[in-house]
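Visitor: Generate coordinates for the sequence data below:
(2 chains)
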Amino acid sequence: MDIFSGLLLGLQTASTFSNFTYCFLGVLLGTAVGVLPGLGPIATISMLMPFTFGLPVDTALIMLAGIFYGSQYGGSTTAILMNLPGEAASVVTTLDGHEMAKQGKAGRALAAAAIGSFFAGTMGTLFIVIAAPILAGMALSFGPTEYFSLIVLGLATSMVLTSGSLLSGFGMVLLGMLLGMIGTDVNSGMARYTFGSPNLLDGLNFVVIATGIFGLGDVLANLETESSRAASIAKVSSLFPTRDDWKRMTAPILRGTGIGVLLGVLPGAGLLLSSFSAYALEKKISKHPEEFGKGAIEGVAAPEAANNAAAQTAFIPMLTLGLPGTATMALMIGALIVQGVQPGPNILNEQPALFWGLIVSMWIGNLLLLILNLPLVGVWAKLISVPYRYLFPLICVFTAIGVYSIRNSAFDVYLMALFGVLGYVFRKAGAEPAPLILALILGPMAEEFLRRSLLISHGDATVFFTSPVSMGTLLIAAVLLVSILLPAFRRAREEGLVEAD
Amino acid sequence: MKRREFIVLGGTAGLLASTGLSFAQDNWPSKPVTVISAYPPGGTSDILARLVADVLAAEFKQQFTLENIAGAAGALAGGKLARSAPDGYTILVSGSAPLAANKVVQTNLAYDPEEDFEPITVLAASPALLTAAADAPASTVQELIAYAKENPGQLNIGNPGAGTKGHICAAIIGQIAGIEVNHVPYKGSPPLMADLLGGHIEYSLDAPANYIPHIKAGKLKAIAVTSTTRLPELPDVPTVAEQGIEGYDQTLWFGIVGPKGMPADIITKINDTLKTWAALPESQALFTSFGVAAVLNTPEEMRETVAREIEGIRPLVEAGLVQPT
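Guide: Residues are numbered from 1 along each chain as shown, chains lettered A, B, ... in the order given. All right, here's what the predicted structure looks like:
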């Protein structure tokens, strides 16, 4: 199927009434959770996933994807108006966005963020259209050794790029891998770390873990800060960027888009890295770097473009290789498998309507978001004043129902509660939990591919270095890990991440 | 007299209440039924499980929700079924491994397929297919054997899970021909086929359905069929027996079971519905397109199939040809 008939098919799929409605619902919810601090896309998607099991697979995925990229838009609204990043990737936006708001330029900052995001979203979708079929065609040349190396790279990246100390990042990845070991060994059928409990034989369901850590954990952490939540919302003035604004933000949006598109594909890197890198790049090449942190529109436009571009292209490894680059993508894979679709190179041939429908819906969704976010920004700002005492009980109920309905298991609800407490502890300890979730998914995959590689090669470990793709990937991972030890890089990383805190 | 009648009635009511299930059976299914699929989406076993769920849902006007529990050659799914309530609301559709072979192949199996399951029916059967990557050195069974003898320990044959029929078929070829086979387990057919198409593994022994289109397109080489008759879709592909391994006859089958103690009338309902449906010409055509033939025997006949399968594999395990895991 060539690209044009593919896009046509996608348009047919995405423009059906129900798919369009669920796309709208997805981006609406996404914006809402992006706006609300303490409720991120991971928690929302894991909570809502069980409710999508009854929908057709394309509709379910279109809605879940809408939540994901929609939250990128919503996150910037609170970042600019209240200095509160609604979700992690918006942290950078607070630096200049809120400064602009303080100077009475909130409307222009919001416009810069929305326009940047829309342009980047469009480019990101276009990139998927071109790159995904190519990568899917190459996917067959990816054997177990290549997959293993890619996973190692993903784990290394997620470790290096987590906020907080490196040691805690390493610890979280390790803990995630250990938790992933629980269950029945695929090659031999042996039960591992189950303590004789049949509930653990199938392993830990990561939706349960993610809901616990991100849903309940956030509720617990936010309960603590509830009283100190100062709701000073900046006034929104004119939404129209001036001619000077356009001149200053065009190039940063283009550069941010480029960075986001490329980094989104990299497994483990995710949105956070793309917005940080885009911000750092703009600051470095700007003629007036002293304005950064004091309300430079470039510092809003570039990272917002970058994180939204990455939010689109993060779908590429998931759709073409069946490899989740981020925790959110891991959830999407879970949603696909429940619906009987095995993510991987065959998706393009076997489920063309799903693949192209999703891509076209992403573009439609971005358009909807532009409309939703600019004129309605006042409504969203009001959402923040919803008292948490109404919100939290609702979240608790929905997480419990959602988790129970995955496999009608009360054990899972207890497990979620346990990980909710753990999530709170992680937050107190300053340990970012996203690498744990990613490692929980990627760890068992890494084991499967490692053992298969070695079985096929009759125990010869040099296969990882004789395949060029595998060798290259491992080399990048090694460089990444070694670079942490270099003082210069370490300082840059810490500066970047501390600025954000 | 009256008093006595009362006691008898009361006793009967109590008995009925204590079994409980007898009441519920009449209107089965009154709530959604879970159909466990023991392999990941896309493989023959999973396609059949989805088909069964659809057919039963249409007949009984009730939701039959599919649940994929893949891994450990179906042992996870089998364990899950054995732990389920025998109320007719959980059934398992699967290839034969978790229904039979696992009993002798897996030493730590959490259930006993003969003791913990109620057979419902063998749904379909088919030979397995020995397939090679397009650039693999061997194209016939004899070439394969010659290669393995020249390169001891170097012959890799992928299978869709340890203890699956594909694994056992390959082990028997190795036993008869006296060659060493390095068995590589996968999580079901789709990832195995992807690796075969990419040339990452040279040979596979697996259910034919997924492979037939690629063989017809010339992207994979079919080496041999494991039954005594050739496959109608691949009339040019000889059987293993035809290629010098006399008496070789292995078929793989897909069955449906419920947990031990599942009410007999529900078993009959499911068996009858599927039997009627499978007799339709369009259903037959559907089975053929998956590379399998419909069987639909009685629960008793299935019980014998299971026992025969287990007894056939036991000597292989005892001789160390299939490594117990």
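Visitor: Let me know the secondary structure of the closest residue in space to residue A:139 that isn't next to it in sequence.
Guide: Closest residue to residue A:139 apart from its sequence neighbours, by CB to CB, 6 or more residues apart in numbering or on different chains: residue A:345 at 3.5 Å. For glycine as for every other residue, the C-beta is placed from the backbone atoms N, C-alpha and C. Secondary structure, DSSP: H, G, I helix; E, B strand; the rest coil: residue A:345 is coil.
Visitor: Model confidence for residue A:345, exactly?
Guide: pLDDT for residue A:345: 76.
Visitor: need the contact list for it.
Guide: Taking CB atoms under 8 Å, 6 or more residues apart in numbering or on different chains, we find residue A:345 in contact with A:136-137, A:139-140, A:320-322, B:194.
Visitor: For the helix or strand that residue A:147 is a member of, name the packing helices and strands.
Guide: Per DSSP states H and E: residue A:147 is located in helix A:144-160. Using 3 or more CB pairs under 8 Å, 6 or more residues apart in numbering or on different chains; DSSP states H and E, the elements in contact with helix A:144-160 are helix A:166-181, helix A:315-321, helix A:434-456, helix A:463-466, helix A:468-485.
Visitor: Apply 6 Å and report the result again.
Guide: The helices and strands touching helix A:144-160, judged by 3 or more CB pairs under 6 Å, 6 or more residues apart in numbering or on different chains; DSSP states H and E, are helix A:166-181, helix A:434-456, helix A:468-485.
Visitor: And for the longest one, what's in contact with it?
Guide: Pointing back at helix A:434-456 there. The contact list for helix A:434-456, computed with CB atoms under 6 Å, 6 or more residues apart in numbering or on different chains, reads A:144-145, A:147-148, A:151, A:154-155, A:158-159, A:162, A:169, A:172-173, A:175-177, A:179-180, A:186, A:206, A:210, A:324, A:327, A:330, A:463, B:156, B:184, B:201.
Visitor: likewise stretch A:142-151?
Guide: Here stretch A:142-151 makes contact (CB under 6 Å, 6+ apart) with A:267, A:442, A:445-446, A:449-450, A:452-453, A:463-464, A:467, A:469-470, A:473-474, B:198, B:200.
Visitor: one more time with 7 Å
Guide: Contact partners of stretch A:142-151, identified using CB atoms under 7 Å, 6 or more residues apart in numbering or on different chains, comprise A:267, A:321, A:323, A:442, A:445-446, A:449-450, A:452-453, A:456, A:463-464, A:467, A:469-470, A:473-474, B:195, B:198, B:200.
Visitor: could you dump stretch A:35-46 to PDB, C-alpha only?
Guide: C-alpha atoms of stretch A:35-46 as PDB (Å, rounded to 0.1, in the frame of the first residue of the first chain):
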ATOM      1  CA  VAL A  35      -3.900  21.000  33.100                       C
ATOM      2  CA  LEU A  36      -4.400  19.200  36.400                       C
ATOM      3  CA  PRO A  37      -1.200  18.800  38.300                       C
ATOM      4  CA  GLY A  38      -0.900  15.400  39.900                       C
ATOM      5  CA  LEU A  39      -2.700  13.600  37.200                       C
ATOM      6  CA  GLY A  40      -0.500  12.700  34.300                       C
ATOM      7  CA  PRO A  41      -1.100  10.900  31.000                       C
ATOM      8  CA  ILE A  42       0.300   7.600  32.300                       C
ATOM      9  CA  ALA A  43      -2.100   7.500  35.300                       C
ATOM     10  CA  THR A  44      -5.000   8.500  33.100                       C
ATOM     11  CA  ILE A  45      -4.300   6.000  30.300                       C
ATOM     12  CA  SER A  46      -3.800   3.200  32.700                       C
END
